[in-house]
Each structure stands twice: as C-alpha cells, then as structure tokens.
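*Asks:* Curious how this folds, go ahead:
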Amino acid sequence: MENILYYKKAAKYFEEALPLGNGRIGAMVFGNVKKERIALNEDTLWSGYPKDKNNESAYKYLSEVRNLIFTGKHKEAADIMNKNMHGDWSESYLPFGDLNITYTSAVSKKNYKRILDISSGVAKTECRGITETVFVSHPAQLLVVNLKSESGFSCEITFNSKLEHSIECIENKLVMRGRAPEKCDPPYHSSQTPVKYGDKAMNFTGIAKVVGKAEVKNEKIIIKNQKEVTVLVSLATSFVDYKSMPDANSFERAEKYLNENKSYSALLSEHIKDFSSLFGRVEFSLSGSSDAPTNKRIKSFKKGGGDYALAALLFQYGRYLTISGSRKGTRAMTLQGIWNEHLRAPWSSNYTININTQMNYWGTDSVNLSECFEPLTELVKKIADNGRKTAKDYYGCGGFCSHHNSDIWGCTQPATSPDGDSSSEAYAFWQASAPWFLNMLYDHYVFLKDENYKAEILPLFKGCLDFYNDFLIEKDGALVTCPSLSPENTFKTENGNGNLTYMPSMDREILHDFFENCRLLGLDASNIEQVKPASDGRIPEWAREYGEVEVHHRHISNLYCIYPSSESAGEKLEKAADKSMNTRGEGGTGWSLAWKVCVRARMRQPEKAARLLANQLKYVSASKYIKYARGGTYPNLFCAHPPFQIDGNFGVMAGIAEMILNNSMPKEWNGRIKGLKRADGSEVNAEIKNGKLIF
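*Replies:* Residues are numbered from 1 along each chain as shown. You can find the predicted model right below:
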C-alpha cells in the first residue's frame, strides 16, 4: 500500500499512534473507538524562560586544563572542568496535553481499520458505525477532527494535561489553561525538585469548539445522537522570542485561529492542497508491496520476502515527518520532532547538537523540501547570538561557540549540573557544534543558490571564525582545539580512561570543511589539514592513538569526513573508513544505524547499506519500555533508539536518498524515482532496475 500506514487495531501506546502536524501543532492519533486519545504538542511549549546559564569564571581555568590535557592528566582535567567550568541543564520540550473523545453510545469494533495517508497528512479510523478523520491544517493552524456516523453517535470531549492546568467552559468552547514549569531537569539527573513551577515560565491555552450541535458544560463537550460533527482545536502559548519573557496572551492567540468560519470540506480541501504540494514533489516506489498491516510488514522485513516497498515507505515517511514537523516560522525539530508525551522526556526532548539535531535536517534539500530547512537556520541564529557570551565566559574568546545541547531559549553553555557535581566530561565540553551547523547552512546555500541567503548567513560564519581564530592553540606545530572530546566516547591510556583531549578527529574534519567554506564565502581563514589514517589503517577517533573502551560505540564521529561532509574524502580515506565501519559493526541505536546507512551509501556499498537498513527496520514492541537498547523501528515507523527518537527516521531517509543519487542501490530494488534533487538543481527522474537508474 503505497504511502499508507495501515493497522487493524487501535493504538495502546504512543509508539503505535499516528503522527500529524503542521510544524507548530503536533498530534498523535490513537484511533480508539471507545475512548479516543489525541496527544497534543505545540512547538513553543518548553520549560524555563530567558536566563544566563553561563559560568562567568570558567575561563580562569582554561590554561590549567589545557596543560593537564597536553600532559596526559585527563582525570585531573575532568575534575576541574566538572567542578569549575560547569554550566546548567538545557530546558525541556513539554507535552501540551490530550484531547479525549469518550463514546457513550455503543460502537462496534468489527471491521476495524485505521490508516495514515502520508501523501495528504490525513489519519482516518473506520469501524462499523463511525468514521473519524483527523488532520492538522497548516493554512488554518488548527487540529481538525471530523466524526461521522450514518446511524448517529454520542460522545463526550475533554482535555487533560500533565502540566498544571485548569478547565473551563466559555460560551460554546471548552478551554484548557495551563502553565509550564520554570525548571524541568533531564530524567538522568537526580534532584529534590526536578520540576519546579513559578510565575516566570510560559502559559498555554487549548480551545476546542464544535461545528455542529453540542452542549458545553461541566468541563466537557457533550454530543448526543448526531450523524456528523467537526471539532476544531486551537493551541497556543505565551512564547514571544528567545530573548523575551514569555508573557504574550495565549488565550487571545488560540482564540484568533478559531475566528474564521470555514466548513469542514473547505478546511480539508485547503489542507490537502497545501500538504500534497510539498509531498508530491517526490515519487518513489519499489516492488514487493504488501497488503498486510504496517506492524506486520515491519515484523516480516528482516525475514525476507521481498517487501522492498517498505523501504520506499520509510523514505517517504521521513519526508512526511519533515513536512509535518518543520515549516517556515516554526521551531526546529527536537529529539522527538514535535511529538512528545513525557513531562521529563528522554534527554529532555531538547536539541542535542552533537549529532541528533543535525541529522534531523541532513536530507531536507535532496528530498526536495528546502523550505522546511528554515527553522534550523533560525536556531543557528539564536545560538550565534547567545554563544558570544559563552565564548567569552568559558574561553576568553571573541566570536561565538556552542556545546552539545540547546533549547528554545538558545542555550549554548556546557549542559551540566549547575552545582558542579556531575560527571559530564564525556559529552558536555565539546565546542564544535556551531561550525557543524554552519557547514550545513553552507550546503543549503549551494542548493538554493540564493545570494540573499548567502548574505544572511555570512555574519554567522564570521562570528564562528572569530571564535576559532582565538580558541585554537598550537600543539606540535599545528593548531588544535583544546579542551575537546569525541562525542560521548571514552578512550583508555596507561593512566586509565579519559574523555577530554585535544583536536579529536571530528573537530579536525568539521573545521577542515568549515575553514574551506569560509574561504569560499570570501573570508580569510587558515587551513586545517584533513584527518589521516591511523597506523592500523582505520580513521582515528582522537589525535593520539588511544585504546578503545567501547569498540562498537554508537557514535561514528570520526567518519564525519565521509558523511555528512559534502567534500569528497578520496579513495584513501574511504578505504580507512571501510575498515573503521567493519570494526564498529552493524549494530547500534536507531540513529546510529541510520548514520551508518548514510556512510555506506556515500561509499557506494549498497549491499552493506541494505543490511543496516534491515537492522534499522527490526521490529521493536511499543508495549515494552526498552531503554538504551540497540535500535529498530516501532509499529508506527518511529525510530527506536530505544526509546523513541525521530532523528533515525530522517537519517535513514537521507541514506536512501544518497543510495539513489549515487546510483548505487541493492540489486533487488526495482521501481521508480521522480523529483529527488541534486545540488546542481537537477532532479532525478528514472526507472530503477536491479538497483540501477535507467533514464
């Protein structure tokens, strides 16, 4: 079933529900004809408010830390950085709440079917007696729920939220008002008050209104014996911008979206026209499609059987999630896109910018959705602004820098315990996220060929270059970063294990590209030499050939030079990368597998990429909360870290695009591709036969 997710049972768990979105509003539809749950999100609903989380005295310890690192005293350097150069946690992306529809009339469950048409962004649940159609309109900025039954139905509609909230009835509307916490610590940090409310954080409002006959009282909407009604749901917060206190009137904002009186058919028509205008740019089909429910197709994929159309569906699903989660004027997608049900979500559902946020936007241009890249550019702008103080406070440098986490407020400090009592040296003290972002912005410019966009991003390059001109220090006759680390990885030496080092390969590879891009933009930049193979023939992880604590580590940071770098690595480095990949193995978390698919695709190794894709499509049950296990796919095609992280969906989409663009696909693939974009502006329009493009 091309471009359709299909199921014969209602969802019990979030990872079985069907995602809808317009970039700002996210909804997860469970399709329960007894008690429906539609989980709601709004992209600006975060904890916190604008505040300076930088450690103003951190720079005083920089020279000492550098000396310790250069002399191999990694533990001593880590102790100083954790205690004296710490920052504070980023804030958390929060769940808005749920819209619940409880059917009070008997509804048969026979002939049950729920689908998501990803070509139009419409979810539909059907059973004997009722049809429920749901979409989130970008033109109308509303969630629309249409309920229809030839024999009539009765139901009650309510709101609820995990955040502090109240419910009231105002005229013919059901209104939920709430407040976000001022602080929401990540779940891996233990404290007495991980969630703290106050009067400085943002408020939010949800309004439900029925088009049709209904009664609004007792904190609910009551519908009796109707054949059709439409529920319009508007969500808004008091967010202003990353610099301002969140004090806008969320009720007025939410009510404004309900002012236009359009019929259900008009709302549906304009939504489909808008959504399909983006989705329809690319057509991709592969042979072997199955009529089985999507969850069963996932279970069967690794067993063989030739359902290669599931790979095409997964690719198009990535495009669907991009359109649904990232539109001009919205916030960049988080670790969960715009779909999160947890108060203290895994890793705060924030911007983890040492791989995950970047992966969310890797394939956006090549899959012909360049407009959806705009929120990432806006995120980088506020990071550049806030990162100036971070550069000064932590390193005594000009320009700007950012570390491994950010949030809606654009935090750039090392994300650690504010008390200096955490062991964060494996992830927090890494400063190379900003040039990585800027390399992506440059690649986007290459696709756009828009001189106005070039002028827009040029000051960002100048600011980041200023930082590295100040920050880089000479070591053995070459400029290096110090302190730094290879994200989340640990090495071993004769003196024990460590994380902090100087000029890890990822820094070198990112800066090699960044300085070259600066020169292409007309800026005067030094040359950073590209990484070279190590004595064992692999691409090294660190500047020194340390021992590996975790040979199969999920990050493949040292392979940045292969992918996502847009520069050709050359035969020598590709040979070294192949050996590195063979050692790393074909396992990993969901996003790690997706990154590996991209690397194998870039190196034109389709059969190896196909094995990784099969591992990515390993079925993971939503009923078991498996934590930090080894990758896979949930029943609704969400990527499983586990738990759910959306970056793997976008990463594997980019990897499949890479296979097609390189004309190097598994020989079992037969079908058609139309509309995939190359950087030169041309589009691929060809048959696929035995893994090759036939023009």
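*Asks:* from here on, contacts and neighbour counts on C-alpha atoms
*Replies:* OK.
*Asks:* Heading C-terminal from the host helix or strand of Ile80, find the next helix or strand.
*Replies:* Following DSSP states H and E, one finds Ile80 within helix 74-84. For helix 74-84, the following helix or strand on the C-terminal side (DSSP H and E) is strand 97-103.
*Asks:* Quick one: mean pLDDT for that next one?
*Replies:* Averaged across strand 97-103, pLDDT comes to 97.
*Asks:* Give the next helix or strand downstream of that strand.
*Replies:* strand 113-117.
*Asks:* And the contacts of that following strand?
*Replies:* When contacts are defined by CA atoms under 8 Å, 6 or more residues apart in numbering, strand 113-117 is touched by residues 3-10, 18, 31, 122-127.
*Asks:* returning to that earlier point: buried ones in the helix holding Ile80?
*Replies:* Of the residues in helix 74-84, those buried by neighbour count under the rule 16 or more other CA atoms under 10 Å are His74, Lys75, Ala77, Ala78, Asp79, Ile80, Met81, Asn82, Lys83, Asn84.
*Asks:* Just list the residues touching Thr294, thanks.
*Replies:* Thr294 neighbours (CA under 8 Å, 6+ apart): Leu5, Tyr6, Tyr7, Pro635, Asn636.
*Asks:* so the first one touches Pro293, yeah?
*Replies:* The one in question is Leu5. Yes. Counting by CA atoms under 8 Å, Leu5 touches Pro293, with 7.5 Å between them.
*Asks:* which parts of stretch 600-617 are buried?
*Replies:* Using 16+ other CA under 10 Å as the test for burial, stretch 600-617 gives 600-617.
*Asks:* what's the overlap in contacts for Leu5 and Pro293?
*Replies:* With CA under 8 Å, 6+ apart as the test, Leu5 and Pro293 reach no residue in common.
*Asks:* can you list the weak-confidence ranges in the protein?
*Replies:* Along the chain, the parts satisfying pLDDT under 70 run over 106-109, 625-629.
*Asks:* ok, 80 please
*Replies:* Low-confidence segments of the chain (pLDDT under 80): 1, 105-110, 128, 305, 624-629.
*Asks:* picking up where we left off before, and the buried residues of helix 74-84 as a markdown table, adding distance to Glu687?
*Replies:* Listed next are the buried residues of helix 74-84 as a markdown table, based on distance: CA to CA, whole Å:
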| residue | distance to Glu687 |
| --- | --- |
| His74 | 55 |
| Lys75 | 57 |
| Ala77 | 57 |
| Ala78 | 55 |
| Asp79 | 58 |
| Ile80 | 59 |
| Met81 | 56 |
| Asn82 | 56 |
| Lys83 | 59 |
| Asn84 | 60 |
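*Asks:* And these, which two are furthest apart?
*Replies:* His74 and Asn84 (15.3 Å; CA to CA).
*Asks:* Identify, from the contacts of strand 113-117, the entry nearest to Ser276.
*Replies:* Val122 (10.7 Å).
*Asks:* That closest one pairs with what?
*Replies:* Beta-bridge partners of Val122, counted by DSSP bridges, are Asp117.
*Asks:* OK, contacts around it?
*Replies:* Leu20, Leu116, Thr133, Val134, Phe135.
*Asks:* can you tell me which of those are in strands?
*Replies:* Counted as lying in strands by DSSP state E, out of these, are Leu20, Leu116, Thr133, Val134, Phe135.
*Asks:* By neighbour count, which of those wins?
*Replies:* Leu20 (29 neighbours; other CA atoms under 10 Å).
*Asks:* Just give the nearest non-adjacent residue to that residue, would you?
*Replies:* In this structure, Leu20 finds its nearest non-sequential neighbour in Ala27, 5.1 Å apart by CA to CA, 6 or more residues apart in numbering.
*Asks:* For the ones in strands among the contacts of Val122, work out which two are farthest apart.
*Replies:* Leu20 and Thr133 (11.6 Å).
*Asks:* Give me the common contacts of the two.
*Replies:* Val122, Ala123.
*Asks:* what residues does stretch 677-693 touch?
*Replies:* 365-368, 446-447, 660-661, 663-676, 694-695.
*Asks:* how far out from the middle of the chain is it?
*Replies:* How far stretch 677-693 lies from its chain's middle: 27 Å, per CA atoms, centre = their mean, to the nearest Å.
*Asks:* Could I get the buried residue list for that stretch?
*Replies:* Lys677, Glu683, Val684, Asn685, Glu687, Ile688, Lys689, Gly691, Lys692, Leu693.
*Asks:* before we move on, what about stretch 402-415?
*Replies:* So for stretch 402-415, counting by 16+ other CA under 10 Å, buried means 402-415.
*Asks:* and what of stretch 220-233?
*Replies:* Buried-residue list, stretch 220-233, by 16+ other CA under 10 Å: 220-224, 226-233.
*Asks:* Let me have the residues you listed in TSV, adding distance to Ser568 and secondary structure as columns.
*Replies:* Shown next, in TSV, are the buried residues of stretch 220-233 (distance: CA to CA, whole Å; DSSP: H, G, I helix; E, B strand; the rest coil):
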residue	distance to Ser568	secondary structure
Lys220	60	strand
Ile221	60	strand
Ile222	62	strand
Ile223	62	strand
Lys224	65	strand
Gln226	63	strand
Lys227	61	strand
Glu228	58	strand
Val229	57	strand
Thr230	54	strand
Val231	53	strand
Leu232	50	strand
Val233	49	strand
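*Asks:* Asn452: which of those is nearest?
*Replies:* So of the buried residues of stretch 220-233, ranked by how close each gets to Asn452 (CA to CA), first place is Val233, at 37.3 Å.
*Asks:* what separates the closest residue in space to the closest one that isn't next to it in sequence from Glu456, distance-wise?
*Replies:* Leaving aside its sequence neighbours, Val233 sits nearest to Ala208 (CA to CA, 6+ apart; 4.5 Å). Separation of Ala208 from Glu456 (CA to CA, to the nearest Å) stands at 40 Å.
*Asks:* Report the beta-bridge partners for Leu479.
*Replies:* Glu474.
*Asks:* what's around it, how many residues?
*Replies:* 19.
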